[in-house]
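Enquirer: Would you be able to build a 3D model of this:
(one chain, ligands or ions: 1)
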Amino acid sequence: MTYDYNKVIIALDTPDDRKALDIVRLLKDKISVFKVGLELFCASGPEIVKKINDEGCKVFLDLKFHDIPNTVAGAVKSCISAGPFMLDVHASGGLEMMTKAKEAAEGAQSGKKPILLAITVLTSLDEKDLAAMNIDKMPKEQVKTLAYLAKKAGLDGVVASPKEISAIRETVGKDFLIVTPGVRPTWAAAGDQKRIMTPAQALDKGADYIVVGRPVTAAADPLDALSKLFQ
Ligand SMILES: O=c1ccn([C@@H]2O[C@H](COP(=O)(O)O)[C@@H](O)[C@H]2O)c(=O)[nH]1
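Expert: Okay, here's the model as predicted:
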């Protein structure tokens, strides 16, 4: 079975923009989308998005906005000028917040409108973690509820564990992107990820994109690790 590397997003979790750009240059023949999260963005600012775009690559700007609707709408507007390909907000911010985020994204100049995703239940959380927050549900049930709300708000898709792909498809249908972090090749440590599957299993289940960070970026040889991603 061959897998499509265009569906792989590499997470650049480092505070060092030079190290992040080195990884982009090393992997860009195979990878077209790189993820800038809170660590890199807080250290480097919006410039890092432009620098990755200048390398001919796209950016998933994973800032997971979660605030009152007016503030999130403003944050979405502010970061669009940097040129992200994808953006996300927390679905648990609620329907109105997601709707305002979508309206703000649609206000982008033509050709610059980013894909807008909603984080459902973080892949580092399991049933016990939800219970500790008084959410008396299995993660899959909570993901279905949040995916339904994200679809109702008009977002383009969700971020979830590959374990929930079938449940999301049953709830919101086919025309909705599913982006899955929480993927680990058989040879990699899970670390803080709790709801995991392998990259191959995630794509077999129908993920539109998988997100992988440390198994590749922390490897002694990231190109070699990337070549073994589907093992
Ligand atoms: O539910 C979520 C949402 C986002 N992430 C992000 O994905 C990467 C995963 O990195 P690994 O090193 O492969 O664990 C990371 O940037 C997270 O912020 C997630 O893991 N789970």
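Enquirer: CA atoms for contacts and neighbours, from now on please.
Expert: Will do.
Enquirer: can the strand or helix carrying residue 140 be found next to the ligand?
Expert: Assigned by DSSP states H and E, residue 140 falls within helix 139-152. No - for a cut-off given as Cα under 6 Å from any ligand atom, helix 139-152 has no contacts with the ligand; the smallest distance is 10.7 Å.
Enquirer: following that helix, which helix or strand comes up?
Expert: Next helix or strand after helix 139-152 toward the C-terminus (DSSP H and E): strand 157-159.
Enquirer: so what does that following strand touch, helix or strand wise?
Expert: Contact here means 3 or more Cα pairs under 8 Å, 6 or more residues apart in numbering; DSSP states H and E; on that basis strand 157-159 packs against strand 115-119, helix 139-152, strand 177-180.
Enquirer: Residue 64 is nearest to which of the ones you listed?
Expert: Residue 64 lies closest, by Cα to Cα, to one member of the helices and strands packed on strand 157-159: strand 115-119, at 7.0 Å.
Enquirer: Quick check: neighbours of the closest one in the sheet, parallel or antiparallel?
Expert: When pairing is defined by DSSP bridges, strand 115-119 lines up against strand 86-90 (parallel), strand 157-159 (parallel).
Enquirer: Let me know which of these is the nearest to the ligand.
Expert: Evaluated over these, closeness to the ligand peaks at strand 157-159, with 6.3 Å, by Cα to the nearest ligand atom.
Enquirer: rewinding a little: let me have the helices and strands packed on strand 157-159 in CSV, adding mean neighbour count and mean pLDDT as columns.
Expert: Below are the helices and strands packed on strand 157-159 laid out as CSV (neighbours: other Cα atoms under 10 Å; pLDDT from 0 to 100):
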stretch, mean neighbour count, mean pLDDT
strand 115-119, 25, 98
helix 139-152, 22, 98
strand 177-180, 25, 98
